[in-house]
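Participant: pasting the structure only:
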């Protein structure tokens with residue numbers, strides 16, 4: 001069977017790239033087609049046959065400006081010579097020409113800047129001083145971009161996605177049914193954590209506005225709770241300003257990833273205040289036996305079970321999170337049960353479920 005893998009871009013490590021890596025490990029001989037590849041930005045695929053086209057000439061920093069060009073690039077990418085195409089995408093890669101091939105689209109979520117998070121991107125496109133230009137471009141172009149994205153979403157034969165929440169979004173915006181297969185999480189790396197006396201709260205993720213770490217800083221200060229934020233990103237300096245000189249808030253850069261499992265094992269709970277299609281970091285925390293306090297929407301509903309491995313807060317507000325922090329009692333949870341709840345999200349389980357899905361569809 002001749003297999004091809006497709007992704008939107010391949011420039012930095014992240015959750016989407018972990019999915020792609022697992023698929024590459026399942027089909028190591030399959031070439032990976034993408035719009036942009038930066039070997040220095042991500043070195044996970046040095047053994048792979050990565051193929052790019054004319055979009056490779058553009059700098060990686062312009063990636064988010066190039067959506068219309070990516071739509072054109074992928075819609076003209078003819079992969080009809082293959083028997084099976086697996087696209088791993090949250091944007092334009094699903095629009096490839098497949099001919100008679102079977103196209104399985106592992107869609108993280110419908111393209112967020114066109115659909116579910118359009119209003120958030122309009123408020124804060126994330127381009128700094130270029131925000132006004134990005135905002136104008138998105139406003140002017142969103143209607144034809146949505147039309148093209150919807151058309152592209154009708155091309156794959158089958159949709160697979162990361163959570164029940166994402167499946168609902170695919171049905172709402174693309175009018176397609178999707179099978180849920182949770183993304184691979186390196187839970188084993190966190191299993192080695194030794195049991196420790198737990199104190200303080202933790203969050204580790206990229207520090208961007210929509211992940212709402214501002215709620216963590218403000219709520220912990222207001223509740224008198226200690227918290228450690230691990231990561232960096234465009235919102236880092238603003239978070240430091242929110243923290244002021246408070247001795248309750250600690251920042252650690254992502255340059256020390258080896259400490260993640262140790263810090264999670266020592267923390268009372270992982271705070272997850274964002275609405276995300278899934279959320280790999282909180283599952284990693286669960287694998288270390290650390291319960292999760294999550295906002296009660298999005299992908300977290302698939303793996304946080306109130307009273308068993310964590311709790312929810314109802315509103316994305318400081319007061320709602322403060323209430324949850326004050327009410328939280330880490331002593332009532334079983335560390336063993338928390339760890340067990342994360343095992344269903346291992347890379348091994350992901351590969352097994354995806355292979356079974358592919359085998360079933362290819363046999364038809």
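Facilitator: Great, that's in hand. On a predicted model such as this, the values are computed, not experimentally measured, just so you know. Numbering: from 1, shown residues only.
Participant: now the lowest-mean-pLDDT helix or strand in the chain, how far from the centre of its chain.
Facilitator: When the helices and strands of the chain are scored by mean pLDDT, DSSP states H and E, helix 118-123 comes last with a mean of 72. In this view, helix 118-123 has its centroid 18 Å away from the chain centroid, taken as CA atoms, centre = their mean, to the nearest Å.
Participant: for it, packing partners?
Facilitator: Packing partners of helix 118-123 (3 or more CB pairs under 8 Å, 6 or more residues apart in numbering; DSSP states H and E): helix 131-152. Where C-beta positions appear, they are placed from N, C-alpha and C, glycine not excepted.
Participant: for the stretch 201-350 of the chain, what spans make up the strands?
Facilitator: 201-204, 227-230, 249-252, 269-272, 292-295, 310-313 (DSSP state E, counting those that start in this stretch).
Participant: and residue 271, how far is that from residue 286?
Facilitator: The gap separating residue 271 from residue 286 is 13 Å, by CB to CB, to the nearest Å.
Participant: Setting aside sequence neighbours, what's the nearest residue to the most centrally placed residue in the chain?
Facilitator: The residue lying closest to the centre of the chain (CA atoms, centre = their mean) is residue 15, at 4.7 Å. Spatial nearest neighbour of residue 15, excluding adjacent residues (CB to CB, 6 or more residues apart in numbering): residue 280 at 4.8 Å.
Participant: Torsion angles phi and psi at the closest residue to residue 27 other than its chain neighbours?
Facilitator: Spatially, and ignoring its direct neighbours in sequence, residue 27 is nearest to residue 3 (4.7 Å; CB to CB, 6+ apart). With angles defined as degrees, to the nearest 10, residue 3 sits at phi -120, psi 140.
Participant: is it true that residue 3 touches residue 29?
Facilitator: Yes: counting by CB atoms under 8 Å, residue 3 does reach residue 29; the two are 7.5 Å apart.
Participant: quick one: which of those two has more around it?
Facilitator: Taking other CB atoms under 10 Å, residue 3 and residue 29 do not tie; residue 3 has more neighbours (19 against 9).
Participant: ok, now how distant is that one from residue 49?
Facilitator: Residue 3 is 11 Å from residue 49, by CB to CB.
Participant: Over to residue 285?
Facilitator: The gap separating residue 285 from residue 49 is 35 Å, by CB to CB.
Participant: Compare the two (neighbour count), which wins?
Facilitator: residue 285 (31 against 14).
Participant: Apart from its chain neighbours, what residue comes closest to that one?
Facilitator: residue 270 (3.6 Å).
Participant: any idea how far residue 333 is from the residue lying closest to residue 197 once chain neighbours are set aside?
Facilitator: Among residues not flanking residue 197 along the chain, residue 266 sits closest, at 7.5 Å (CB to CB, 6+ apart). Separation of residue 266 from residue 333 (CB to CB) stands at 15 Å.
Participant: what's the answer for residue 92, then?
Facilitator: 42 Å.
Participant: My guess is the residue nearest to the centre of the chain contacts residue 278. True?
Facilitator: Yes: between residue 15 and residue 278 there is a contact under CB under 8 Å: 7.2 Å.
Participant: Mind listing the shared neighbours of the two?
Facilitator: The overlap between the contact sets of residue 15 and residue 278 (CB atoms under 8 Å, 6 or more residues apart in numbering) consists of 108, 183.
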